[in-house]
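*Asks:* let's see this in three dimensions:
(2 chains)
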Amino acid sequence: MNNLQLWISALEISGFFSLMGLSYLLIRLGTDFFNFALGAYAMVAALSTTYLVRIAGLGLWLAVLISVAIAVALGVLTEVGLVRLVQKRAANEELPALIAVAALLFLIAQVSGDVFGRAPAPGQKLIGGDPMIVFGAILTPTAALIIALTAACFVTVTLWMKFSTTGRLLRAVGDNREAAQTLGFPVNRVRLFAFVIGTIIAAFGGLAFASKSGVAFNSALDWTLLGFLALVFGGTGRVWAPLVGGLILGMLQMFLPYYFPHFSPTIGIFLVALVLFSVRPQGLFVRKVRA
Amino acid sequence: MRTSSKKLMRGAAALTVVALAVAACGSSGSDDASDGQAGTSDPGAVSSTDSGADSSAPAPSDEDPIVIGLEQDISGPSAPFATVAGTAIGYAIDEINANGGILGRQVSLIKENDESDPTKAPSVARKLIEQGATVVLLTSATSAIKQTKPIFTEEQVPAIGAISSSSTFADAPDNEFTYTVPTTNAQWVPVYCDAFKAEQDSSIAILADDSAVIKGMSDIMLPELEKCVTVTDVIAAPLNSQDVSAQVARISQGKPDAVLVMSIGGQFEVLAQNTLAQLAPDLSRFSLAGLGNESDAWGIADPGALEGVVYMGSISSDNPNTMQLQDKFREWTGNADYVLSAFDAQSYDAVRMVKMAIENAGSTDGAKVNEALQALQNIDASFGQPGMTLSYGSAADAHIAGDSTCGLVLTVFGADNTPAGPWGVYQPECK
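*Replies:* Predicted structure coming up:
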């Protein structure tokens, strides 16, 4: 565990997992719903940016702007055109909407394959520059960006949830939609807001991470699963719970293959998830409610 | 708290169902590059007939076009390279038609998509035969097309796995009517051994993805490699790895002279090469065939990260047939910078061999065309090194076209992350 390079790599991938977990959490808090299409939004943002830069010849930041807008549009459509309708027709039953969104995940992935191509694409590097040497370990600009982006997102969201009216509304609506409606809270607007913020975070997470790993239409499911695992590990009780979950997931991904190279890290991760789910099904951090 | 855990559990259950569904749907996914190769480019549309012909078509007359079937994968895991091969086949048939066709008849290409799904592949093959295909070319994953072998034997319709570098499709049993074009991956090990020897690498480590196809290849290749070189470590990482720094750090501890990355190509290969370039820059790097044929993936690599990587290619700028074909593709695609891939060349050669067989048979009768295919000898290949030839025979082990390991070209990447040409240290010779 004294290999600094591995710690930097662990932080880098943890950052992405945490961002995806945070997106899940925000939408979960605002809508009481797990949005499994988040990985697809992140994938679309990354693939679209690459497409717009390489094929359409747009400038990087214009491409980023358009791509994030596309991802947000998908998020809004998911909430307004799918989740809200399905929940209404299914008398707020959770499962039909979950299945519908899972189907949407595949639909977006396949359509993206048709639109952007099925071959993997390079993610666009959002910041340039040479790698830095930190105590003998290499810190790439992409790693620095992901770590900084993660820190910025978690600090901002924590402060926003704590001190802003919208932040508190978000939690109130997610806790009890009927009660919030009765009290006259703008429930639909708050839900939509949760989808938009969650999608923006997922989109930027995907954009930043794609410049390390590349992106393809089938990244959608991987990213969905990883974000969800970060949430499962951390729980939904604190804003920074997915950060802890993402760190655990990243460390497992990094150190399991280092110390047990002939043991599949995927098996290790799911074993840990299984144990964690058995012992603490609500995740590591739970919201404390006064009796 | 209870509600929270219930919801997490429900979410996990739903996501598990989704993941299982994907695993089931994509069970051939790990075999998607069972040919160890991947696609390169998007050369454009071809003017070939799409499927949809009447399955109860009347018996063809001498005026009717000769029908060639193409079983391909345009939406499954092999789509990135199968579509490249399909386009090349379309170009080759357009060329034949522009030059008067075969036996004075035009050639019609009918296409069906099996999505590299082993359960769909047989019915797709049968559909193509019912639509009147004289010969069927297949470009999907080997795991899928091998399921079609009994059908071609039963229906006496010759079939060629145009880009399948696994010998499974051409090997017995049920191979009386099935053939492949590329040099098979069974011939790679002696070439690697000679390459390691030429570079004076006495020890290597292997970094592999965990796909079924690479596991299968590794099981075959590793015992043979261990006879010629010390293998310090064999580490498999998930195909969808987000980071392989730990695996590379581990490999570096063994202090090998070289590392062989065994992957089906794509993102995993690039991630591995990026990480090796960054964390183990002094290691010699070798690769299988995937990365070299996958120009889209080169762009994912960090600048200069592929420099010096030696891969098992099939294209040599020293082969005049290859260069001639590249000129044709540049004209057909309208792209003056088009770089010919192994898929282009092997698909083109598959069509050439079909044309020769039908002409020599003087008929479109499946059995006669099959005999004529088996009589083809020493046909100059459009891939491999100068002097590479293709032959079939009537013996059960003579259904793989490549006559020599010189269908393989060890190729090295340059600083611009594109293939710079044949590796100067060692090349297999044509015998």
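*Asks:* the bottom helix or strand of the chain by mean pLDDT?
*Replies:* I'll assume chain A. helix A:177-182 (a mean of 76; mean pLDDT, DSSP states H and E).
*Asks:* and stretch B:191-205, what's buried?
*Replies:* Within stretch B:191-205, the residues that count as buried by 16 or more other CB atoms under 10 Å in any protein chain shown are B:191-192, B:194-196, B:199, B:201, B:204-205. All C-beta spots, glycine's among them, are computed from the backbone N, C-alpha and C.
*Asks:* ok so, going back, name the residues of the helix or strand just after the least confident helix or strand of chain A that come out as buried.
*Replies:* Scanning forward in sequence from helix A:177-182 by DSSP states H and E, the next helix or strand is helix A:187-213. Residues A:187, A:190-213 are the ones in helix A:187-213 that count as buried (16+ other CB under 10 Å).
*Asks:* next: stretch A:58-66.
*Replies:* Buried residues in stretch A:58-66 (16+ other CB under 10 Å): A:58, A:63-64, A:66.
*Asks:* now residue B:391. Nearest residue, chain neighbours left out?
*Replies:* residue B:377 (4.6 Å; CB to CB, 6 or more residues apart in numbering or on different chains).
*Asks:* what about the helices in chain B?
*Replies:* In chain B, the helices defined using DSSP state H lie at B:2-25, B:79-98, B:121-130, B:142-145, B:149-155, B:188-198, B:212-225, B:245-253, B:266-279, B:295-298, B:320-333, B:342-361, B:366-374.
*Asks:* the longest one - what's its average pLDDT?
*Replies:* Read it as helix B:2-25. Averaging pLDDT along helix B:2-25 gives 56.
*Asks:* same deal with the last one?
*Replies:* For helix B:366-374, the mean pLDDT works out to 96.
*Asks:* next, work out how far apart the residue nearest to residue B:391 and residue B:143 are.
*Replies:* 31 Å (CB to CB, to the nearest Å).
*Asks:* before we move on, back to that, most packed of the helices of chain B?
*Replies:* helix B:142-145 (a mean of 29; mean count of other CB atoms under 10 Å in any protein chain shown).
*Asks:* tell me which residues are up against that helix.
*Replies:* B:28, B:31, B:34-35, B:71, B:73, B:78, B:114-118, B:120-121, B:138, B:161, B:164, B:166, B:168-169, B:213 (CB atoms under 8 Å, 6 or more residues apart in numbering or on different chains).
*Asks:* CA atoms only for that helix, dumped as CSV, please.
*Replies:* Output in CSV follows, covering the C-alpha atoms of helix B:142-145 (Å, rounded to 0.1, in the frame of the first residue of the first chain):
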residue,chain,number,x,y,z
THR,B,142,-16.1,-17.4,-35.0
SER,B,143,-18.2,-18.4,-32.0
ALA,B,144,-21.2,-17.7,-34.1
ILE,B,145,-20.2,-18.9,-37.5
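*Asks:* for it, give the mean pLDDT please.
*Replies:* 86.
*Asks:* one more: stretch A:221-241?
*Replies:* 91.
*Asks:* wait, does that stretch contact chain B?
*Replies:* Yes. Shown here: stretch A:221-241 in contact with chain B (CB under 8 Å from any CB of the partner chain) through A:221-222, A:224-226, A:228, A:231-232, A:235-237.
*Asks:* ok, and of the buried residues of stretch A:58-66, which contact chain B?
*Replies:* Near chain B, by the rule CB under 8 Å from any CB, you find none of the buried residues of stretch A:58-66.
*Asks:* which of those residues sits closest to chain B?
*Replies:* residue A:63 (15.3 Å; CB to the nearest CB).
*Asks:* hmm, residue A:49 and that closest one touching each other?
*Replies:* Yes. Assessed by CB atoms under 8 Å, residue A:63 is found in contact with residue A:49 at 4.7 Å.
*Asks:* overlap in contacts of those two?
*Replies:* The contact sets of residue A:63 and residue A:49 overlap at residue A:124 (CB under 8 Å, 6+ apart).
*Asks:* what are the buried residues along the least confident helix or strand of chain A?
*Replies:* For helix A:177-182, by 16+ other CB under 10 Å, it's A:177, A:180.
*Asks:* same deal with stretch B:334-344?
*Replies:* Buried, per 16+ other CB under 10 Å, within stretch B:334-344: B:338, B:340-344.
*Asks:* and it, how far apart are its ends?
*Replies:* One end of stretch B:334-344 to the other measures 15 Å (CA to CA, to the nearest Å).
*Asks:* wondering if that stretch reaches chain A at all.
*Replies:* No. If you take CB under 8 Å from any CB as the test, stretch B:334-344 misses chain A, and the best it gets is 12.4 Å.
*Asks:* how far does that stretch sit from the chain's center?
*Replies:* With CA atoms, centre = their mean, to the nearest Å as the basis, stretch B:334-344 stands 16 Å off its chain's centre.
*Asks:* so what's the residue count around residue A:215?
*Replies:* Per other CB atoms under 10 Å in any protein chain shown, the neighbour tally for residue A:215 reads 32.
*Asks:* same check on residue B:281?
*Replies:* Neighbour tally, residue B:281, other CB under 10 Å: 11.
*Asks:* cool, residue B:431 as well?
*Replies:* Around residue B:431 there are 8 residues (other CB under 10 Å).
*Asks:* what's the nearest residue to it if we skip its chain neighbours?
*Replies:* Nearest residue to residue B:431, sequence neighbours excluded (CB to CB, 6+ apart): residue B:404, at 5.2 Å.
*Asks:* residue B:185 versus residue B:216, what's the distance?
*Replies:* For residue B:216 relative to residue B:185 (CB to CB), the value is 10 Å.
*Asks:* follow-up on the earlier one: least reliable of the helices of chain B going by mean pLDDT?
*Replies:* helix B:2-25 (a mean of 56).
*Asks:* ok, residue B:180 - contacts?
*Replies:* Contacts of residue B:180 (CB under 8 Å, 6+ apart): B:160-162, B:164-167, B:169-170, B:399-401.
*Asks:* what's the separation between residue A:116 and chain B?
*Replies:* Plainly put, residue A:116 is 11 Å away from chain B if you go by CB to the nearest CB, to the nearest Å.
*Asks:* show me what from the stretch 101-250 of chain A comes close to chain B.
*Replies:* A:102, A:105-106, A:110, A:113, A:117-123, A:131, A:138, A:140, A:209, A:212-214, A:216, A:221-222, A:224-226, A:228, A:231-232, A:235-237.
*Asks:* could you pick out the buried ones from those?
*Replies:* Counted by 16+ other CB under 10 Å, these give A:102, A:105-106, A:113, A:117-123, A:138, A:140, A:209, A:212-214, A:216, A:221-222, A:224-226, A:228, A:231-232, A:235-237 as buried.
*Asks:* much appreciated, bye for now.
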